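Enquirer: model this:
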Amino acid sequence: PQQGCLFADEHPYDELDISCLRRQIGVLPQDPLLFDGTVWENITYGMSEASTDQVVTAAEMALAHEFIQQLPQKYETLIGEHGVRLSGGQRQRIALARVLLRQPKLLILDEPTNHLDETAVQQLIENIMHRESAPTTLIISHDMALARQADQLYILSEGRLMASHPPAALAESLKHHE
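Expert: Residues are numbered from 1 along each chain as shown. Presented below is the predicted three-dimensional model:
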């Protein structure tokens, strides 16, 4: 910042162990990176000590377990470089399972519903945001149905904050910003 100070849980950032802080943040980019290997290797990347139960739970939360069970070798199926043997939605769900496996305290999702139908979106939101140990979740999206699920909305236009309000005011705000 040009002035002032940033804090995480009332601790100034310049006093924090940044690598420890980063381990508490999970990010699912719009185009997630997968590598040539198995489904298991892609989900457990950086978490090789994860148990089968932990991996399956993360895959279930990400709505990936069911389709993984249909793959030829299930979790041991090779997915090809960048996951070319999978659909866009399957790649996104595997990457989300990898993020959820880490149990982050802050979850950042960039257009997480691009490749999902409305039913899958609703189930995914239920799995992530409405569980007892749900992380704080920041969703970046153009999907207004998804935006209505939020506790707080921030509308950006051309890189500027145009509005901030609870989702109940969404329809009224959109009228003013069209």
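
Enquirer: can you list the residues that contact the longest helix seen in the chain?
Expert: The longest helix of the chain (DSSP state H) is helix 88-101. The set of residues external to helix 88-101 that reach it, using C-beta atoms under 8 Å, 6 or more residues apart in numbering, is 26-29, 32-34, 39, 42-45, 47, 50, 54-55, 58-59, 61-64, 67-68, 79, 82-83, 86, 107, 109, 112, 114-116, 120, 124, 128. C-beta here means a position set from N, CA and C on the backbone, and glycine is covered the same way.

Enquirer: of those, which belong to helices?
Expert: Using DSSP H, the contacts of helix 88-101 in helices are 39, 42-43, 54-55, 58-59, 61, 67-68, 120, 124, 128.

Enquirer: ok, back up a step: mind listing what's buried along the longest helix of the chain?
Expert: 89-101 (16 or more other C-beta atoms under 10 Å).

Enquirer: how about those residues in JSON lines, adding distance to Pro135?
Expert: Below are those laid out as JSON lines (distance: C-beta to C-beta, whole Å):
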{"residue": "Gly89", "distance to Pro135": "22"}
{"residue": "Gln90", "distance to Pro135": "23"}
{"residue": "Arg91", "distance to Pro135": "22"}
{"residue": "Gln92", "distance to Pro135": "18"}
{"residue": "Arg93", "distance to Pro135": "17"}
{"residue": "Ile94", "distance to Pro135": "19"}
{"residue": "Ala95", "distance to Pro135": "16"}
{"residue": "Leu96", "distance to Pro135": "12"}
{"residue": "Ala97", "distance to Pro135": "15"}
{"residue": "Arg98", "distance to Pro135": "15"}
{"residue": "Val99", "distance to Pro135": "10"}
{"residue": "Leu100", "distance to Pro135": "9"}
{"residue": "Leu101", "distance to Pro135": "13"}
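
Enquirer: and which of these is nearest to Glu132?
Expert: Among the buried residues of helix 88-101, Leu100 lies closest to Glu132 (C-beta to C-beta), at 14.3 Å.

Enquirer: next up, the contacts around the nearest residue to the closest one once chain neighbours are set aside.
Expert: Leaving aside its chain neighbours, Leu100 sits nearest to Ala58 (4.4 Å; criterion: C-beta to C-beta, 6 or more residues apart in numbering). The contact partners of Ala58, by C-beta under 8 Å, 6+ apart, come to 43, 97-98, 100-101.

Enquirer: next one: Ala58 from Gly83, what distance?
Expert: 17 Å (C-beta to C-beta, to the nearest Å).

Enquirer: swap in Glu41?
Expert: Noted for Glu41: a distance of 12 Å to Gly83, by C-beta to C-beta.
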